Structure formats: C-alpha cells, structure tokens
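J.: Just need the structure, nothing else, for what follows:
(2 chains)
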There are 2 protein chains.
Amino acid sequence: MNDTRLAPKIRLHVAQPLGPAQTVPLEREQSNYLFNVMRLGPGDLVALFNGRDGEWLAEVITAGKRAGELRCHAQSAPQRMPPDVWLLFAPIKKARTDFIVEKAAEMGAARIVPVQTEFTNSERIRRDRLQAHAVEAAEQCGGTYVPEVTDLLRLDRLLDQWPEDRRLMFCDETLAGGAAGLSGFARGDPWAILIGPEGGFSEAERARLRGAPLARAVSLGPRILRADTAAVAALTLWQTALGDW
Amino acid sequence: MNDTRLAPKIRLHVAQPLGPAQTVPLEREQSNYLFNVMRLGPGDLVALFNGRDGEWLAEVITAGKRAGELRCHAQSAPQRMPPDVWLLFAPIKKARTDFIVEKAAEMGAARIVPVQTEFTNSERIRRDRLQAHAVEAAEQCGGTYVPEVTDLLRLDRLLDQWPEDRRLMFCDETLAGGAAGLSGFARGDPWAILIGPEGGFSEAERARLRGAPLARAVSLGPRILRADTAAVAALTLWQTALGDW
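T.: As a prediction, this is how the structure comes out:
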C-alpha cells in the first residue's frame, strides 16, 4: 500500500455500505474516472463516503478500464449530518441553478427543494443532473452527507401540505434587520429557507407567506441579491444563528 | 415621453456627471446595447448611475446605431455608499473569479482586491474584465456604487503596507464559532475581508495573519467552502455584524 500518512486527494461518493474490510465494486464511470482520468492503480488510496457510514480510506485492489474494486481500510472521519434545514428555491438560468445546488450542499442544507412559484420562468429541471452537482460538491468539500434534490414542487401545494413542526425562513427584500428575524428560536428545530424567484413573489404568495404562523421574514440587506447569492447569504445567517457554525 | 410611472427596466452605469437636465452622450457600445439589442427609441426611459450622483431617470433624445444621447429627468434614488469594507481574494479558475467579483459587488464591498498568495495558482488577471463584471452586477442589483477592482497585489507586500486603521477579518477553517470573532467591534471602522486560496494559506502567511494586531480570525463553519462560497458567507457575516444589513 502506498503512503497512508497522506490524506488521499480523491474523495468519491458511492452507494455501497462502508465498513472494515468491506469491498466496494466500482461502476463503469467511477472506474473510468479513477483509473483512466486520475491514473490511480492498485495500492493507491481513495476516500469514500456514502452519506451514512462516515468517510473511509479505501485501497485500490483491481483497476480496469470499465470496472474495478476497492477495499475499505479504516474510517477517516465520522458520519456528520447537517442540521435539519431545507433550501427551497425557484429555478433560474441553468448555470445559476447549478450553482445554487452546489452552494446549498457546501453550506450544509439537509434537503434541496426546487419550487415553482407564480413568477418562476423555468418550469423544468433535470433532477438527476442537479443531484450529481450536490454529490460533486460533497466530494469536493469534505462532507460526508449529500442532500437529496427533490423534483420540482409547486409552492402553493408545498404550503398546503407544510409539515406542522417545520419553521420557514423567507427572505423579504422589503425588510431591514439582518438575522433579527431568527432571534428567539432554539437550535434543533426543523427549518426551511425559501429563496424567491428573480421576479419576486406574487402578491398572493407574499400574503400567504406573511400570514403563515411558522414563517419568519428575514432581510438580506439593502441591495438586491441574485438568487444564487441570496441562497448563500440566507444559509449563512441561518447556520450562524441556528445551525452548526 | 413614455409612461414614467413604471420604473425603467434598464439600468446603465455611465462615467458622466448626472443632474437636472444633464445630457449624457453615449458611447458606441452603450448605443448598440440600448438601441440595437434592447430596441429602445426616443422617449424611452433608462435609469443611469455613475457611482457618485445617485440614480437618475433619463430619457432617450437621439438613438443611432453607433451613438445617441440621453437627458436626465429626475433623481430616482439617492447615492448610497457601501460600508468601508474591502474584499481580498486569491484568484481561482476564471468562472469562479468572475463570480467572486460579481458577488462582492452585490454584497456591498467597497473595493475588490485580487491578491497573490504563496499557493495562488493563477498569477494573471484581466482587471478590465473583472471591473466590467462589477459594473454589470451593480447595474443588475440596483446599486448606485461600483467597487473598484484593483490590480493583482502580492499578499506579503499588501501586509507590509497595511493601513494603520484598517482591521482585517481572515477566514480560518481551523476555528469554530461563526461571527464571534467580530463581536465587540463598533460599526464604522474600515475593514478588509481576506478569503484564502483553494490550497490554503502557507504556514508563514498563517503565522503572519495570526500575529497581526488588526487581524481577526473568523470561522465559516465545519464544512470546507469553495472560495466563491466563502466570499459570500464572509461578507454576510461582516455585513450583519458590522455593516449595513
């Protein structure tokens, strides 16, 4: 085995269980990435995580062009779950939607929910592609958890079935006061953060959000933020006030 | 003149002074944008700002393919200066560097300073292109101020000549505690925020930053953030604690 004192540079998300001496067969795409693109070979180390069992150091046992096998060596980091906060956002242009998903995964959102509002332009998303972005963000950023990206949901229906115990932080550009809207809450409650569409909420949506007993409006400052910027800013406020920062 | 009750959708940054009945000749590129791309014509309204005189409603007087003239009508927003905070960052891949500049302008940085650290990969930037991104962000986001993007500066030289009264928030991934590092400071002091390179600071840089009397380390949470995410998160913490949020 190659030098184990150095942390491997490659982190890979896999679906299989991870544990002592567990073997992990690789899919074609993973084998291509590790052995053709990154040129790893037998004896090299990779860090694996599956969202449940923490991070494991694994050694390459067999390396083929279309298949391969790794074997887990030792756990290198415990499983770490993010706080129970969902990020709800209205999809925008492709590149910025990708960014929102990437940023939400980096910032420790537990679940990513694209929502269709009255003023959402984009009515279709590629859920599988967005999920792949969340996986890649977790691989890059040392996380052991990958948030699920759900299908596109209509905001009105989502509010109709809103879970009784989940609070909702919604970003209202007409307010001042930063994170003041989050003071007085205890850590540990389930929350969701809602980022509005670029065209803003409709009057009906705004009235409904303002009237919802579990909803809290929060300001993101005096300048208008793009949706991707607002997602990171809102998660920062929430993580600092109520999350794991 | 067309309907003045509607805010014009187009905001344009210009270099000229703005004031009552002030005429504003347009450059070739601006004329092309307004009259060919956006198809405006005489009588249409545009919002103008120059970073000094607030936002003005201006009317198209003449519209040609390569030139044109606007005339200021009334001030539609006062000049609003951001708090005195600089964003220092180590340039990364092109698209993400562009994003950092865009985000810093949206988030209300007063000045954007690309810095070369020991582990910075990219040693050249296109200052004019980055400045154009800052202008575009201000146009999009309703700002009346455009932060200057400076040339690339070496971090060690910048620290050698550091202004005596400017505090420095630097983001240290080895800390916990969110914005705690910012408590106890009064609003109104000049600050700079330093985002490290993707490869981290060198030991020498870290020691120097830790030892600087005006520097304060702040945590950005338990996950590793990409530099563009870290820039937005750090500006959010600072604006909430000490800025204009």
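
J.: roughly how far out does stretch A:79-91 sit from the chain middle?
T.: In terms of CA atoms, centre = their mean, to the nearest Å, the gap separating the centre of stretch A:79-91 from the centre of its chain is 6 Å.

J.: Tabulate the CA atom coordinates of that stretch in PDB.
T.: Presented in PDB, the C-alpha positions along stretch A:79-91 are these (Å, rounded to 0.1, in the frame of the first residue of the first chain):
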ATOM      1  CA  GLN A  79     -20.600  10.500   9.700                       C
ATOM      2  CA  ARG A  80     -21.600  14.000  10.100                       C
ATOM      3  CA  MET A  81     -25.300  15.000   9.500                       C
ATOM      4  CA  PRO A  82     -26.100  18.600   8.700                       C
ATOM      5  CA  PRO A  83     -28.700  20.500  10.700                       C
ATOM      6  CA  ASP A  84     -32.300  19.800   9.600                       C
ATOM      7  CA  VAL A  85     -32.700  22.700   7.200                       C
ATOM      8  CA  TRP A  86     -34.100  22.600   3.700                       C
ATOM      9  CA  LEU A  87     -33.300  25.000   1.000                       C
ATOM     10  CA  LEU A  88     -36.300  25.900  -1.200                       C
ATOM     11  CA  PHE A  89     -35.600  28.000  -4.400                       C
ATOM     12  CA  ALA A  90     -37.200  28.800  -7.700                       C
ATOM     13  CA  PRO A  91     -35.000  27.600 -10.500                       C
END
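
J.: Point out the residues in chain A that sit beside chain B.
T.: A:80, A:99, A:103, A:106-108, A:140-143, A:176-179, A:219-226, A:229, A:232-233, A:235-237, A:239-240, A:243-245 (CB under 8 Å from any CB of the partner chain). Where you see a C-beta, it was placed from the backbone N, CA and C, and this is true even at glycine.

J.: Among those residues, which ones are in helices?
T.: A:99, A:103, A:106, A:140, A:229, A:232-233, A:235-237, A:239-240 (DSSP state H).

J.: what's the most distant pair in those residues?
T.: A:Gln140 and A:Leu237 (23.5 Å; CB to CB).

J.: Of these two, which one has the most company?
T.: A:Leu237 (28 against 15; other CB atoms under 10 Å in any protein chain shown).

J.: thinking that one is in contact with B:Leu235, fair?
T.: No - with contact defined as CB atoms under 8 Å, A:Leu237 does not reach B:Leu235; the gap is 11.8 Å.

J.: and A:Pro213, how many residues sit next to it?
T.: Neighbour tally, A:Pro213, other CB under 10 Å: 6.

J.: So it: helix, strand or coil?
T.: coil (DSSP: H, G, I helix; E, B strand; the rest coil).

J.: Quick check: which ranges of chain A have low pLDDT?
T.: A:1-7, A:122-123, A:173-180 (pLDDT under 70).

J.: Going along the chain, name the strands of it.
T.: A:11-13, A:23-25, A:45-49, A:55-63, A:68-77, A:85-89, A:111-116, A:148-149, A:153-154, A:167-171, A:191-195, A:215-218 (DSSP state E).

J.: Buried residues in the second one, which are they?
T.: To tie it back to what came earlier, the one meant is strand A:23-25. A:Val24 (16 or more other CB atoms under 10 Å in any protein chain shown).

J.: what's the answer for the fourth one, then?
T.: Of the residues in strand A:55-63, those scored as buried under the neighbour-count criterion (16+ other CB under 10 Å) are A:55-60, A:62-63.

J.: ok, now the longest one?
T.: For strand A:68-77, burial by neighbour count (16+ other CB under 10 Å) applies to A:68-73, A:76.

J.: ok, now how distant is A:Ser183 from B:Pro83?
T.: Plainly put, A:Ser183 is 22 Å away from B:Pro83 if you go by CB to CB, to the nearest Å.

J.: surely A:Leu153 meets A:Ile112?
T.: No - using CB under 8 Å as the test, A:Leu153 is too far from A:Ile112 to be in contact (11.4 Å).

J.: higher neighbour count, those two?
T.: The neighbour count for A:Leu153 versus A:Ile112, taken as other CB under 10 Å, is higher for A:Ile112 (24 against 14).

J.: Which strand residues bridge the more buried one?
T.: A:Leu87, A:Val149 (DSSP bridges).

J.: got a list of what the residue nearest the centre of chain A touches?
T.: The centre of chain A sits closest to A:Ala105, judged by CA atoms, centre = their mean, with a distance of 2.4 Å. The neighbours of A:Ala105, taking CB atoms under 8 Å, 6 or more residues apart in numbering or on different chains as the test, are A:112, A:133-134, A:137-138, A:141, A:143, A:146-147.

J.: Quick check: the gap between A:Pro213 and A:Leu159.
T.: Using CB to CB, we find A:Pro213 at a distance of 12 Å from A:Leu159.

J.: let me redo that: A:Ala58
T.: A:Ala58 sits 44 Å away from A:Leu159, going by CB to CB.

J.: Same question for A:Ile193.
T.: 14 Å.

J.: Just want to know which of these two has more residues nearby.
T.: Taking neighbours as other CB under 10 Å, A:Ile193 and A:Leu159 compare with A:Ile193 leading, 25 against 16.

J.: Contacts only, for the more buried one.
T.: Contacts of A:Ile193 by CB under 8 Å, 6+ apart are A:85-88, A:109, A:168-171, A:231, A:234-235, A:238.

J.: Kindly indicate the member of these with the most neighbours.
T.: Counting neighbours by other CB under 10 Å, A:Ala109 leads these with 31 neighbours.

J.: what's the closest residue to that residue other than its chain neighbours in contact with, if anything?
T.: Distances taken as CB to CB, 6 or more residues apart in numbering or on different chains place A:Leu87 nearest to A:Ala109, at 4.2 Å, with adjacent residues excluded. With CB under 8 Å, 6+ apart as the criterion, the residues that contact A:Leu87 are A:100, A:104, A:109, A:111-113, A:147, A:192-193, A:195, A:231, A:235.

J.: what's the spacing between A:Leu87 and A:Gly188?
T.: Counting by CB to CB, the gap from A:Leu87 to A:Gly188 is 18 Å.

J.: Having no further points to raise, I will conclude here.
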